[in-house]
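**Student:** Got a sequence here, can you model it:
(2 chains)
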Protein chains: 2
Amino acid sequence: MSAVVVFFLVCLAGPAVAQEVLPSWNDGTAKSDIVAYVKKVTMEGGDGYVAPDERIAVFDNDGTLWTEQPFYFQLGFMLDRVKVLAPQHPEWKEKEPFKSVLAGDLGAIAKSGEKGIVELGMATHTGMTTDEFAKIVFDWFATAEHPRFKRPFNDITYLPMRELLDYLRANGFKTYIVSGGGVEFMRPITEKAYGIPPEQVIGSTITTQYEIVADVPVLRRQPKIDFIDDGPGKPVGINKFIGRRPIFVAGNSDGDYEMLRWVTGGGRPSFAMIVHHTDAKREYAYDRKSEFGRLDKALDEAAQRNWLVVDMKNDWKKVYAFEK
Amino acid sequence: MSAVVVFFLVCLAGPAVAQEVLPSWNDGTAKSDIVAYVKKVTMEGGDGYVAPDERIAVFDNDGTLWTEQPFYFQLGFMLDRVKVLAPQHPEWKEKEPFKSVLAGDLGAIAKSGEKGIVELGMATHTGMTTDEFAKIVFDWFATAEHPRFKRPFNDITYLPMRELLDYLRANGFKTYIVSGGGVEFMRPITEKAYGIPPEQVIGSTITTQYEIVADVPVLRRQPKIDFIDDGPGKPVGINKFIGRRPIFVAGNSDGDYEMLRWVTGGGRPSFAMIVHHTDAKREYAYDRKSEFGRLDKALDEAAQRNWLVVDMKNDWKKVYAFEK
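**Tutor:** Presented below is the predicted three-dimensional model:
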């Protein structure tokens, strides 16, 4: 064997290559824990080996794969849709919570509570066919911008997490989104944003109804919630849609708590991580008291349950791809 | 190029190879239509080319991939479970429809109607955790036998359809089951029976609830129907679980009618087939008047909608792998 070949093989086998994975992660415990786990479950013949079919990884979306501040992007979509649809609904000028949306009064919208938000959701997310809704969502993402960063929402995804998705897939994992967000709000863009196809996106659903319109079958979105994929709904959704227990989970809030428990409670080598928002400068800093993505109970129990807490500020070289 | 290589390449390109696919299908329109369609959608640069990601194929299960006579296998499971559980329920001796099940009176069970069947289903399919139920199902399949063929139910799958699943997958299709049957009744065995993993099985679901038992998270099956994946529920289920429209569909009854319409109504090159049960000798012969798998409306409209009707007796060389 020539010296060049030997050198090359040593490079392949040695630690030099490990430093090429997850390039936007700083060297440290977070990165090395992830890499060690992936090595363990992929090493054939090893104690912790998991067959490729069973390598299921689930990721929360809002606050885990992309930003959820100053509000969930789906809420931004909802508010924009109210404005677009307002000319067809003159009654909204006098009717809450629509009146507050049209006046741009975020405080009053928040005060309308869950009831108000559901009302806005139904008015903006239902009545059309599934194909029509997919186009509305797709078109919105093509022009909408994040209020702080003034960039398309696809740019507001976390580069280190996209690298993690790629890294897991390169190691035989099947990557899923398991989000409280509406499944049909996410599906038009997850392939491009994360390399995750529609059939690997689990989320909250509204009821749809099969209809024939001019001899063409359509599914019409009904003003009725079918399933809330949040909190204890996440393990339920995982079981319903995937039908087997994942071994890798990433979340960022108490809405992921039950999913974190479910994935790590299966008696197999599993890995759980929590993205902790600690970087007010590059992104946002929040946890126990945030209106969106509150992280309290899961943070308290992380150490005892051996869940990795990723410190965004210190563990990530870059948050977004567009950073210099 | 040597003569041997040329000969080999000609064989690869020519019709000799086409005769190797779907070996249990007789040569004829059914087989050649399927092969022509698969060639069309996989030929890069061709008019009908469909990218691999979009090659989704959906299959009904009962009567399409395996036998559904003299009754759905899940009903057989249900009746067996009533007998197993009876000692814990002395009241069943006097209570319908349990009394009729214990007496082996199939006619009386049928007379109890949907209400009776749902009652039997809830008594036998709920209360336990999802893990416990998967084990019960798995164990039942390990010992249960088809009443006529006296073989495990995994043997009562259609060999030509298993070949079709393999053939589609070899051509980049992702194959799904979309069945009216219970999803958690199918998932423990679909990988072995059809090469279809749990996450590609869509079916009817009951509600599950997240619970902590002795500090371990479980999902408990509740006596409440969540979703009926039959008739107009099939396109709804496809949209909910897959999130894009399949291009290939196989069914066998009017319960598949809306799914056949949905798949073939998307404006893309699509293929639909109906398995017509015409072989009383090797399997069963039934259609418009059958209690299980009634095929009436879909059969009437098949020609006009260009849906292939597979004549089991004449199109299939073998029905089951165990045939001589």
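
**Student:** where's the closest residue to A:Val41 other than its chain neighbours, which helix or strand?
**Tutor:** Of all residues not flanking A:Val41 in the chain, A:Val50 sits nearest, at 4.2 Å (CB to CB, 6 or more residues apart in numbering or on different chains). C-beta coordinates here come from the backbone N, C-alpha and C atoms, glycine included. Here A:Val50 sits in a region with no helix or strand, counting by DSSP states H and E.

**Student:** Would you agree A:Val50 is in contact with A:Ile247?
**Tutor:** Yes - between A:Val50 and A:Ile247 there is a contact under CB atoms under 8 Å: 5.9 Å.

**Student:** And A:Glu54, how far from B:Lys234?
**Tutor:** Note on A:Glu54: its distance to B:Lys234, by CB to CB, to the nearest Å, is 28 Å.

**Student:** Show me which of those two is the more surrounded one.
**Tutor:** Between A:Glu54 and B:Lys234, counted using other CB atoms under 10 Å in any protein chain shown, the more crowded position is B:Lys234 (30 against 17).

**Student:** quick one: secondary structure of that one?
**Tutor:** With DSSP: H, G, I helix; E, B strand; the rest coil as the basis, B:Lys234 sits in helix.

**Student:** That one: what's it in contact with?
**Tutor:** If you count contacts by CB atoms under 8 Å, 6 or more residues apart in numbering or on different chains, B:Lys234 has them with B:Val178, B:Gly180, B:Gly255, B:Asp256, B:Glu258, B:Met259, B:Trp262.

**Student:** Just give me the neighbour total for the residue of the stretch 51-200 of chain A at minimum distance from chain B.
**Tutor:** Of the residues in the stretch 51-200 of chain A, the one nearest chain B is A:Pro198, at a distance of 3.4 Å by CB to the nearest CB. Burial of A:Pro198, expressed as a neighbour count using other CB under 10 Å, amounts to 21.

**Student:** How about it: what's its closest non-neighbour residue?
**Tutor:** Nearest residue to A:Pro198 in three dimensions, chain neighbours excluded: B:Gly243, at 3.4 Å (CB to CB, 6+ apart).

**Student:** Let me know whether A:Asp166 touches A:Gly195 as I believe.
**Tutor:** Yes - applying CB under 8 Å, one finds A:Asp166 in contact with A:Gly195, separated by 7.0 Å.

**Student:** Quick check, pLDDT for the residue nearest to A:Pro198.
**Tutor:** On the pLDDT scale, B:Gly243 is placed at 96.

**Student:** ok, now A:Phe292?
**Tutor:** Per-residue confidence for A:Phe292 comes out at a pLDDT of 89.

**Student:** those helices in chain A, which residues are they?
**Tutor:** Using DSSP state H, the helices of chain A run over A:3-13, A:15-18, A:29-42, A:73-85, A:98-103, A:106-111, A:113-125, A:130-143, A:159-170, A:183-194, A:233-241, A:257-264, A:297-305, A:312-315.

**Student:** which residues are contacting the fourth one?
**Tutor:** By CB under 8 Å, 6+ apart, the surrounding residues in contact with helix A:73-85 are A:62, A:66-67, A:92, A:98, A:101-102, A:109, A:117, A:120-121, A:123-125, A:136-137, A:140, A:144, A:146-147, A:153, A:156, A:181-182, A:185.

**Student:** who in chain A is up against chain B?
**Tutor:** Neighbours of chain B within chain A, by CB under 8 Å from any CB of the partner chain: A:53, A:56, A:130, A:174, A:183-184, A:187, A:191, A:197-199, A:201, A:205, A:208-210, A:212, A:216-217, A:219, A:226, A:232-233, A:235-236, A:239-244, A:258, A:261-262, A:265.

**Student:** can you redo the helices of chain A as JSON lines with distance to B:Gly251?
**Tutor:** Listed next are the helices of chain A as JSON lines, based on distance: least, CB to CB, whole Å:
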{"stretch": "helix A:3-13", "distance to B:Gly251": "50"}
{"stretch": "helix A:15-18", "distance to B:Gly251": "49"}
{"stretch": "helix A:29-42", "distance to B:Gly251": "39"}
{"stretch": "helix A:73-85", "distance to B:Gly251": "35"}
{"stretch": "helix A:98-103", "distance to B:Gly251": "44"}
{"stretch": "helix A:106-111", "distance to B:Gly251": "46"}
{"stretch": "helix A:113-125", "distance to B:Gly251": "31"}
{"stretch": "helix A:130-143", "distance to B:Gly251": "21"}
{"stretch": "helix A:159-170", "distance to B:Gly251": "33"}
{"stretch": "helix A:183-194", "distance to B:Gly251": "25"}
{"stretch": "helix A:233-241", "distance to B:Gly251": "22"}
{"stretch": "helix A:257-264", "distance to B:Gly251": "34"}
{"stretch": "helix A:297-305", "distance to B:Gly251": "44"}
{"stretch": "helix A:312-315", "distance to B:Gly251": "49"}
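
**Student:** List just the one of those that sits closest to B:Trp25.
**Tutor:** helix A:233-241 (33.3 Å; CB to CB).

**Student:** Taking helix B:130-143 as reference, get the angle to the closest one.
**Tutor:** Taking axes from the mean of the first three to the mean of the last three CA atoms, to 10 degrees, helix A:233-241 and helix B:130-143 form an angle of 20 degrees between their directions.

**Student:** Could you tell me which ranges of the stretch 1-150 of chain A sit under the pLDDT cut-off?
**Tutor:** Of all residues in the stretch 1-150 of chain A, those with pLDDT under 70 make up the ranges A:1-19.

**Student:** re earlier: right, and the residue nearest to A:Pro198 touches A:Gly203 too?
**Tutor:** No - under the criterion of CB under 8 Å, B:Gly243 makes no contact with A:Gly203, lying 9.8 Å away.

**Student:** so what sits against both of the two?
**Tutor:** Shared contacts of B:Gly243 and A:Gly203 (CB under 8 Å, 6+ apart): A:Val183, A:Glu184.
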